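*Asks:* Take a look and give me a structure for this.
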Amino acid sequence: MSANNAKKLMNILYKETAPKLQTSQAIPQISRQLYESESDLDSTDLFQFHSSTRRKLPAADALRLGNVSIPSNILSFKCPLSFITKHDFQNLLPSEHKLTYSLNPKYNFEVVKKRVGKLLQFQNEYLLIFKSHLNAKIYELETGGKWINGIQYATQYQHPIDVIDKLVPPKLQSANHQSLIDQIKSKATAQEALPSSTPVSSPLYDESFPLLSQLIDAPNRTKSIIVHNWPFGLKEDLAIESLWNYNLSTDDDGVPPIQYIHSNIMQGINIIKMNFRTEQDALRFIRNFHGTKWLKLQNFRKVEEKVSHLPLLCETL
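*Replies:* Now for the predicted structure:
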């Protein structure tokens, strides 16, 4: 075929196909969805299709499975690792469209690390406090057989009366700590006195949950962290100034930015509690500083901070 004939053939093909093509259709579907506004997207996208077509079991059906000796809203998880966060426990749950039950407990619980002593030593146990026994039961069923940080996830139910006295160590207790404990015990006693056939509360909510949330100071707990091997002699205002982009709390927030837990230069122990304005800032600090060596900020002879040879160890409260 001559060059002229080839050129004519190409022109014919172009004239036949070009009018049928539209620029918008030439863009791959994924790229279009990335750049178009949400209002332009088809409401029946892939996620919604799976969510709507998978039929879930009624939440109440979970209560019929297995024998629970303690119908509690508290689950205990024994684990020697102290660096597991609430997000890790949330991520154990399947994605929304893969859940077995219609109730998703992902945002219906708080996490507390069991701590004791003046050093707030971790006792190898996490307590997951749910809004209700039903939420706890569904969480247990949805996460059964999974692994978290190399450890098989297995939980046990704990009665609130058995754990509340040691739930919050003295250094973290609020002014109304004992009053809240008395109220929780009173409600638990009244509930046990009712006949087993009497419905004591909604299956989606437990009256002790708001009291337990106050007891552990849930809103501030998620925004606070523990830092081990903090430098000795470091001026607090200098540390706060150097961490300006981490949004540490201020006295106006009702919580100081840095609180000393225990300091003993002879033993090389310096532990502080840092309080942030948001949970995201607290987690960002952990990601950036956990396992790193502190860089000196003070270079004056009389006030130079003493940096530990050990790295900073940062963990959620």
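*Asks:* any low-confidence regions in the chain?
*Replies:* Counting by pLDDT under 70, the chain contains low-confidence residues at 1, 17-54, 67-69, 191-205, 299-303.
*Asks:* and residue 75, that one's in a strand?
*Replies:* Yes. When classified by DSSP: H, G, I helix; E, B strand; the rest coil, residue 75 is found to be part of a strand.
*Asks:* Tell me who's in contact with it.
*Replies:* When contacts are counted by C-beta atoms under 8 Å, 6 or more residues apart in numbering, residue 75 is found next to 127-128, 130, 136, 139-140, 155-158. C-betas here are computed from N, CA, C, even on glycine.
*Asks:* go with 6 Å
*Replies:* With contacts taken as C-beta atoms under 6 Å, 6 or more residues apart in numbering, residue 75 has the following neighbours: 128, 136, 155.
*Asks:* what's the neighbour count on the last one?
*Replies:* When counting by other C-beta atoms under 10 Å, one arrives at 18 neighbours for residue 155.
*Asks:* Which strand residues bridge the closest residue to it other than its chain neighbours?
*Replies:* Once its chain neighbours are removed from consideration, residue 155 has its nearest residue in residue 75; the separation is 4.2 Å (C-beta to C-beta, 6 or more residues apart in numbering). Beta bridges link residue 75 to residue 128, residue 157 when assigned by DSSP bridges.
*Asks:* Check residue 314 too.
*Replies:* Beta-bridge pairing of residue 314, defined through DSSP bridges, involves residue 227.
*Asks:* distance of residue 103 from residue 140?
*Replies:* With distances defined as C-beta to C-beta, to the nearest Å, the gap from residue 103 to residue 140 amounts to 13 Å.
*Asks:* Residue 189 too?
*Replies:* Between residue 189 and residue 140 the distance, using C-beta to C-beta, works out to 26 Å.
*Asks:* picking up where we left off before, need the contacts of residue 75 in a markdown table with distance to residue 145, can you?
*Replies:* As requested, these are exported to a markdown table (distance: C-beta to C-beta, whole Å):
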| residue | distance to residue 145 |
| --- | --- |
| 128 | 17 |
| 136 | 17 |
| 155 | 12 |
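*Asks:* Residue 261: which of those is nearest?
*Replies:* Taking C-beta to C-beta as the measure, residue 128 is the one of the contacts of residue 75 closest to residue 261, at 24.1 Å.
*Asks:* thought that closest one was touching residue 109?
*Replies:* Yes. Assessed by C-beta atoms under 6 Å, residue 128 is found in contact with residue 109 at 5.3 Å.
*Asks:* Next up, the contacts around residue 100.
*Replies:* Listed by C-beta under 6 Å, 6+ apart, the contact partners of residue 100 are residue 57.
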